[in-house]
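**Student:** Build the 3D model from these lines:
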Amino acid sequence: MDSVNLTNHFLIAMPAMQDSSFSGTLTYVCKHDENGALGVVVNRPMGLTLDNLLSQIDIPSSHAPRLEQPVYFGGPVQTDRGFVLHSPVGNWRSTLRINDFVGLTTSRDILEDLAQGQESSRRILVSLGYAGWEAGQLEHEIALNSWLTVEARMDVMFDTPAEQRLTTALSILGIDPAHLSDVAGHA
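**Tutor:** Residues are numbered from 1 along each chain as shown. All right, here's what the predicted structure looks like:
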């Protein structure tokens, strides 16, 4: 697995996942290289809306309907910091360009534009925190059957209801979640 690049893939947590931060999650891998990996959990809403978040960080908003969308638990690292997955990529102060279609922005300017309704055509997912793995850690977890991987699809990440994203990602692989076992074996 040393040469595998899982950037722009989903990580599907297997039923035996012991880490409660990732149990039942679908994680989008934003960057994966020889130094490790960075991802954002895309199916765990926090009970906080984007409008609530903007209010907490003193960004005035237009209270547009899109601001009622949920903010997600993105992972256990830097949970006090916002991360915005979005398409198209655009031109923001601090954006990791994942591919030609998706970016991950951590700068305040994208939130200010969203607050004023200036980015209404943009597909977005706002999270607090991210998931991070040191060099070789993700590969090791995959070898232990903690994760399944599948190439990511934007419709799953942005358009599918949060509670259906994990099941939808499994269906891309042709897997029925009822057939997953929490016991792993190796031949």
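
**Student:** Now do the buried residues in the helix or strand of the chain with the lowest mean pLDDT.
**Tutor:** Least confident helix or strand, the chain: helix 108-115 with a mean of 90, by mean pLDDT, DSSP states H and E. Buried residues in helix 108-115, defined by neighbour count with 16 or more other CB atoms under 10 Å: Ile110, Leu111, Leu114, Ala115. From N, CA and C alone the C-beta is placed, and that goes for glycine too.

**Student:** closest to Asn91 among those?
**Tutor:** Closest approach between these and Asn91, by CB to CB: Ile110, at 10.1 Å.

**Student:** Who are the contact partners of the closest one?
**Tutor:** Residues near Ile110 by CB atoms under 8 Å, 6 or more residues apart in numbering: Val84, His86, Gly90, Trp92, Glu119.

**Student:** got those residues as JSON lines, with pLDDT columns?
**Tutor:** What follows is the contacts of Ile110, written out as JSON lines (pLDDT from 0 to 100):
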{"residue": "Val84", "pLDDT": "95"}
{"residue": "His86", "pLDDT": "94"}
{"residue": "Gly90", "pLDDT": "87"}
{"residue": "Trp92", "pLDDT": "90"}
{"residue": "Glu119", "pLDDT": "62"}
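
**Student:** Show me those residues that map onto strands.
**Tutor:** Among those, the ones falling in strands (DSSP state E) are Val84, His86.

**Student:** if we can go back for a sec, of the buried residues of helix 108-115, closest to Leu53?
**Tutor:** Nearest to Leu53 among the buried residues of helix 108-115, with distances taken as CB to CB, is Leu111, at 8.1 Å.

**Student:** re earlier: of all the contacts of Ile110, which comes closest to Val126?
**Tutor:** Val84 (5.3 Å).

**Student:** picking up where we left off before, could you point out the helix or strand that follows the least confident helix or strand of the chain?
**Tutor:** strand 123-134 (DSSP states H and E).

**Student:** Residues contacting stretch 55-65, please?
**Tutor:** Asp51, Leu54, Leu67, Gly82, Arg108, Leu111, Glu112, Ala115, Gln116, Gly117, Ser120.

**Student:** Secondary structure of Asp51: a helix, I assume?
**Tutor:** Yes. Assigned with DSSP: H, G, I helix; E, B strand; the rest coil, Asp51 falls within a helix.

**Student:** Excluding chain neighbours, what is closest to it?
**Tutor:** In this structure, Asp51 finds its nearest non-sequential neighbour in Leu67, 3.9 Å apart by CB to CB, 6 or more residues apart in numbering.
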